[in-house]
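A.B. asks: this is the structure alone, sequence omitted:
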DNA sequence: GCGTTTTATTTTAGGTGTCAAGTAATTTGC
DNA sequence: GCAAATTACTTGACACCTAAAATAAAACGC
C-alpha cells in the first residue's frame, strides 16, 4: 500500500444495488464518475511526486505534443474542455518552466499560438511513458476483450452525450 | 443548442485511432476521462443555473441523503474521494445555507457528525430528480443492454483499479 | 469605409482541490 | 497512569476552475 493508494470509499459503492430498475443510467454515471476520480487521483499524485507537474499542465502538454505546429489558446481550451479564462494562467506557468512558447499570429493578432519547446518535448516523453505504465497497471485485471468492449461502449456513450448536448 | 452544450473538441478525439495496438488501455483512460468531463461539465452548469448549487455541494448532499444518521467528516471525505482538508469549507457553506447541520460526537469529541436538515432534504430531492433526468437524457442513445454491459465492465475496471491501488 | 458585431484572450471574483503543518482529543504501551 | 503515537479535523499556501465583464483585433453590413 503506497502513498498513492489511499483507500477511498467512493461515492457510488454504497448505493443499494438493485440492478435492472429504472435507475441504471444514473448508476452508470455514478460508476463512471467514481472510476474516473479514482484513476485521476492516482495519476495526479504520481505526476506531482515523480515529475513535479500538475495534471492540467500534463494535459496541455499532451495536446501540444501531438500538434507540432501548435494550437491557439481557444483550440486548447476546447480540447481540454476547460473554460477559456482558465488557460491563461496555466499557460503562463508552463512558459515560466520553459516547456512551451507562445507567439502572436501576425495574420490575426488576436490569436496566440502555443507550441512545445524541445525541453517540453523531452520531459513530456518521459511523463507520457510513465503515465501509460501507471494506467496499464491500474487496468491490468481487465482482459483485452474487456478493454475493447469498453472502448466501443464508451464511444457510443460519448456519441450519445454529444448528440444530447447539441440539441 | 443551449448554453449547456458548448461544443468541446475533447482531449481524446484527435488521437490517431489504430485500434488493436498496445495502447488500448491508455486510450480507454482518455476516453473514460473525456466522457466523464463532458457529462460533468453539463451537470455542473445545470446545477448552478437551475439550483444555484455547486457540483461538490450536490455531491455532499447525495451522500448525506442516503445516510440519515449522518456521517463524520472523515467518512465524507473518503466517500467523495477528496482530501480531508477540502471538506471543511464546503461543509461550512452548506451549513450557512441551512442544508446541513454539524454536531460533535460526545463520545469522541474529535469526530464531527454532519446530517441533512429538513430543508436540505427537501431541496436535494428536487435536484436529484432533475439530475437523473439530465443523465438519462445524455445517455438516451444507449440501449438498455449497453447500459448493463457498461455497468458490468466499469465494475470490473473499478475492481482492477482498487486492487492495483492496494498493492 | 465606418460603425456594429463577432472573435480571441485576459481579468476578476469566488468556489474547489491538493498537500503539509498545526491543533485537539483519544488510544497505546510500557 | 503518563508519555508517545495515532486519529480527526482545521488552516494556510498555492493551483485550478467557472462565469462574467473587459479589452483588443478582425470581419461584417450597408
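C.D. replies: Now that the structure is in, tell me what you want to look at. Everything numeric in this text was worked out from a predicted model, so none of it was measured.

A.B. asks: next, the buried residues of stretch A:72-89.
C.D. replies: Of the residues in stretch A:72-89, A:73, A:75, A:76, A:77, A:78, A:79, A:80, A:81, A:82, A:87 count as buried by neighbour count, 16 or more other C-beta atoms under 10 Å in any protein chain shown. (Each C-beta comes from the backbone N, C-alpha and C, glycine too.)

A.B. asks: could I get those as a markdown table with distance to residue A:62?
C.D. replies: As requested, the buried residues of stretch A:72-89 are exported to a markdown table (distance: C-beta to C-beta, whole Å):
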| residue | distance to residue A:62 |
| --- | --- |
| A:73 | 16 |
| A:75 | 14 |
| A:76 | 11 |
| A:77 | 14 |
| A:78 | 14 |
| A:79 | 9 |
| A:80 | 9 |
| A:81 | 13 |
| A:82 | 13 |
| A:87 | 14 |
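
A.B. asks: so which of those also contact DNA strand D?
C.D. replies: Residues of the buried residues of stretch A:72-89 in contact with DNA strand D (C-beta under 7 Å from any atom of the strand): A:81, A:82.

A.B. asks: ok, of the buried residues of stretch A:72-89, which one's closest to residue A:120?
C.D. replies: Closest approach between the buried residues of stretch A:72-89 and residue A:120, by C-beta to C-beta: residue A:76, at 13.9 Å.

A.B. asks: right, and the closest one touches residue A:84 too?
C.D. replies: No - under the criterion of C-beta atoms under 8 Å, residue A:76 is not in contact with residue A:84, lying 9.1 Å apart.

A.B. asks: show me where chain A has its strands.
C.D. replies: A:71-72, A:100-104, A:112-116 (DSSP state E).

A.B. asks: just those: most buried one?
C.D. replies: Most buried of those, by mean neighbour count (mean count of other C-beta atoms under 10 Å in any protein chain shown): strand A:112-116, with a mean of 19.

A.B. asks: which among the strands of chain A is found nearest to DNA strand D?
C.D. replies: strand A:100-104 (8.5 Å; C-beta to the nearest atom of the strand).
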